[in-house]
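Student: Sequence and predicted structure, then a few things I'm wondering about:
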Amino acid sequence: MVFSSVIFIFYFLPFFLLGYYVSGWRAGALLAGSVAFYVWGEGVFVFLLLGLIGLNYAGSRWLDATSDKRRRLAILAAVVIADFAVLGFFKYSQFLAHELNHFLPHAPLPEIHQRLPLGISFFTFQLVSYAVDVHRGSVKVERDLTGFAAYILMFPHLIAGPIVRYADIRDEMHADRRTTAHIGLGVQYFIVGLCQKVLVANIVAPLADHAFAADLTHLDATTAWLGIWAYTLQIYFDFCGYSNMAIGLAFLLGFTFPKNFDYPYIAQSITDFWRRWHMSLSSWFRDYVYIPLGGNRHGLLQTVRNLLIVFFLTGLWHGAAGRFVIWGLYHGAFLMLERFGLGRLLERAPRPLRHVYAMLVVMVGWVFFRADSVPQALGYLGQMFQLGQFAPPDTALSILLNAQTLAALAAGTLLAAPLLPAVMQALRAPRAEPPRPDLPGRLETRSVHALPIPLLAAGFVLSIAILVGSTLNPFLYFRF
């Protein structure tokens, strides 16, 4: 069940919200609804998740009750290793077996076919961050098992993020969440995310699929560039839209989730891009991998090593395939280049040139991310840069390039920049209610313009009409 579905919007969500607000046991209602949501799509895998929750709850309680440093470290290591062992088995065992068969052709390993539980990368990182934060003393251990389970299983972030650390919402977990102060803001965020997903990402997806499914020997530069343009918009509006829907749902429940995207396609460098793209993941790797490794505090070589480790893991987090590792290391290489000289050159370059550079690097990287294999990615890039091979659209491409797709491409390109906030600012549109003072560092609601109700209503109705009349409603990050 995805947020951008008729079943979720008109059946699950209304009944859940009714029970959530009527029930006197908020954590229990949230847990029950989240279990139902996960079971709908994943069935018995909910027992795996419940088992991990029990393990981390018990381990963290034990950790909190122990003062001996060595024993605390041993407990933390056991919990974290168990979490990553489960992730490794389900997500990487088949990949490792396949790769080892290349190196050991005379002793082939059996093929492992394992279905990936939805959201396993997201909830594993949340479990690990909680255990590490308890060990560091940066959060108080949660003694209420129902509350802890509700935090991990909370359906707005369970299967697609953003990665919500316990420190972000601990106070809200223990607060009276009957307030309706942010319901209007939650509805706005949800509708905006729904429009991003349905009116842009879903509509441009067939164009990207067509280009990447084409025979490379017949792929011309026109189709290749249109395909990667469509995919660049699809992956952003797909994931950003889903994140905005999650933030909106969190507001409806009385929680404030961290912002996950900040217009990454206006970045002036790859360093800037990673400050804006999937921000909850970037900050997780910074705080739990890069800084513990030493960050940039121990000289050039160790800084390079730490960056490569982080971006190797970033690529691997997205998928068990060589193309994801290449994508991660590719971005890490540009971050190193910018840190050690290229960044200073970019600072002296005109802004349009910096933007073209950043977008070109990002789009080339997305080819590896979208392709089915490294050879296909290299072949696709070869066709993209055969600049003399531009050709008029063929019949199939002409059908795909209809008025609806062209409008989505144009709207997506414009709205990937902060055009709407600029227009609302020029019109002096009212802002949403100010942030609560007891939530320092959270998403600042005062920076969000209240969009006109007719605009939100029109976007919602149009999105629902398209959902009802279409069978195409993929979500890319379910695979990761």
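Tutor: Great, that's in hand.

Student: And the helices in the stretch 351-480 of the chain, which stretches?
Tutor: Using DSSP state H, counting those that start in this stretch, the helices of the stretch 351-480 of the chain run over residues 351-370, 374-384, 395-400, 403-415, 419-426, 453-468.

Student: Out of those, the one nearest Leu158 is which?
Tutor: helix 453-468 (21.5 Å; CB to CB). Quick note: C-beta positions are derived from backbone N, CA and C, even for glycine.

Student: I'd like the average pLDDT over that closest one.
Tutor: Mean pLDDT, helix 453-468: 93.

Student: Run through the helices of the stretch 151-300 of the chain in chain order.
Tutor: 155-158, 166-173, 183-195, 202-213, 221-253, 270-276, 279-285, 291-293, 300-318.

Student: would you list the helices of the stretch 351-480 of the chain in CSV and tack on distance to Leu127?
Tutor: Formatted as CSV, the helices of the stretch 351-480 of the chain follow (distance: least, CB to CB, whole Å):
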stretch, distance to Leu127
helix 351-370, 26
helix 374-384, 32
helix 395-400, 42
helix 403-415, 35
helix 419-426, 35
helix 453-468, 33
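
Student: Please identify which of the ones you listed is closest to Phe16.
Tutor: When the helices of the stretch 351-480 of the chain are compared (using CB to CB), the closest one is helix 453-468, at 18.6 Å.

Student: which outside residues touch the closest one?
Tutor: With CB atoms under 8 Å, 6 or more residues apart in numbering as the contact definition, helix 453-468 has outside contacts at 4-6, 9, 187-188, 191-192, 194-195, 197-199, 202-203, 473.

Student: hmm, 10 Å instead?
Tutor: Helix 453-468 is contacted from outside by 4-6, 9-10, 184, 187-188, 190-199, 202-203, 404, 420, 450-452, 472-473, using CB atoms under 10 Å, 6 or more residues apart in numbering.

Student: filter these to the buried ones?
Tutor: Using 16 or more other CB atoms under 10 Å as the burial test, the contacts of helix 453-468 include 4, 9, 184, 187-188, 190-199, 202-203, 451, 473 as buried.

Student: on that earlier part again, if you average pLDDT over each of the helices of the stretch 351-480 of the chain, which is lowest?
Tutor: Minimum mean pLDDT among the helices of the stretch 351-480 of the chain: helix 395-400, a mean of 82.

Student: With just CA atoms, put it into CSV.
Tutor: Extracted in CSV, the C-alpha atoms of helix 395-400 (Å, rounded to 0.1, in the frame of the first residue of the first chain):
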residue,chain,number,x,y,z
THR,A,395,6.9,6.7,-33.7
ALA,A,396,7.0,5.2,-30.2
LEU,A,397,8.7,8.3,-28.8
SER,A,398,6.3,10.6,-30.6
ILE,A,399,3.4,8.9,-28.9
LEU,A,400,5.0,9.2,-25.5
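
Student: Just list what it packs against, helices and strands only.
Tutor: With contacts taken as 3 or more CB pairs under 10 Å, 6 or more residues apart in numbering; DSSP states H and E, helix 395-400 sits against helix 202-213, helix 221-253.

Student: buried stuff in the longest helix seen in the chain?
Tutor: Criterion DSSP state H: the longest helix present in the chain is helix 69-103. Neighbour counts over helix 69-103 (16+ other CB under 10 Å) mark 72, 75-76, 79-80, 82-84, 86-87, 90-92, 94-95 as buried.

Student: again with stretch 295-309
Tutor: So stretch 295-309, judged by 16+ other CB under 10 Å, has buried residues 303-304, 306-308.

Student: And for stretch 40-52?
Tutor: Here stretch 40-52 shows 42, 45-46, 49, 52 as buried, counting by 16+ other CB under 10 Å.

Student: which ones are touching Thr314?
Tutor: 274, 278, 281-282, 284-285, 289, 324-325, 327-329, 331-332.

Student: Any of those buried? List them.
Tutor: For the contacts of Thr314, buried by 16+ other CB under 10 Å: 274, 278, 281-282, 284-285, 324-325, 327-329, 331-332.

Student: Going by distance to His210, which of these wins?
Tutor: Trp327 (21.8 Å).

Student: Let me see the contact set for the closest residue in space to the closest one that isn't next to it in sequence.
Tutor: Closest residue to Trp327 apart from its sequence neighbours, by CB to CB, 6 or more residues apart in numbering: Phe368 at 4.4 Å. When contacts are counted by CB under 10 Å, 6+ apart, Phe368 touches 315, 321-330, 374, 376-378, 380-381.

Student: just to revisit the earlier point, of all the helices and strands packed on helix 395-400, which one is nearest Ile120?
Tutor: Closest among the helices and strands packed on helix 395-400, once you apply CB to CB, is helix 221-253, at 16.6 Å.

Student: what angle do that closest one and helix 202-213 make?
Tutor: Angle, helix 221-253 to helix 202-213, by axes from the mean of the first three to the mean of the last three CA atoms, to 10 degrees: 140 degrees.

Student: Kind regards, and thank you for your time.
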